[in-house]
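> Below is the structure, and that's it, no one-letter string:
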């Protein structure tokens, strides 16, 4: 089984011109507290196929929830905020929540300004 798995990973990496293990760096998360912020984050995730130019419109993406969601466009500033939070493990939401995360983790949970 181990040999089969190695062969499969090698095949996937060659076919899709990638490197590393299949699950390497695949899980990322952002801390949020309010429903408002969570819904904005859902929209950000849903629009990833469009930003990645996999499809021109979200309705064309097979795995999209487009038909059941009312999606709003997100500003580039909001998108960059989510990317920074994900890459630097920051919390996003209102100030009391960010302060609570910072105090709990004993480290900075937002960018210094």
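Perfect, I can see it now. Quick caveat: nothing in here was measured; it's all calculated off a predicted structure.
> which residues sit in contact with residue 58?
By CB atoms under 8 Å, 6 or more residues apart in numbering, the contact list for residue 58 reads 46-47, 49-50, 64, 66, 71. C-beta here means a position set from N, CA and C on the backbone, and glycine is covered the same way.
> And residue 65, by the same measure?
Neighbouring residues of residue 65 by CB under 8 Å, 6+ apart: residue 46.
> So how do I select the buried members of the contacts of residue 58 in PyMOL?
Buried subset of the contacts of residue 58, written as a PyMOL selection, criterion 16 or more other CB atoms under 10 Å:
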select buried, resi 46+47+49+50+64+66
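> What confidence value was assigned to residue 109?
Note on residue 109: pLDDT of 89.
> residues near it, how many?
20 (other CB atoms under 10 Å).
> Let the chain start at 17 from now.
Right, with 17 as the first residue, what we last looked at is residue 125.
> where's it relative to residue 108, distance?
Residue 125 sits 9 Å away from residue 108, taking CB to CB, to the nearest Å as the criterion.
> pLDDT on the helix or strand where residue 93 lies, on average?
Residue 93 is part of helix 92-104 when elements are defined by DSSP states H and E. Helix 92-104 shows a mean pLDDT of 84.
> Show me what counts as buried in that helix.
In helix 92-104, counting by 16+ other CB under 10 Å, buried: 97-98, 101.
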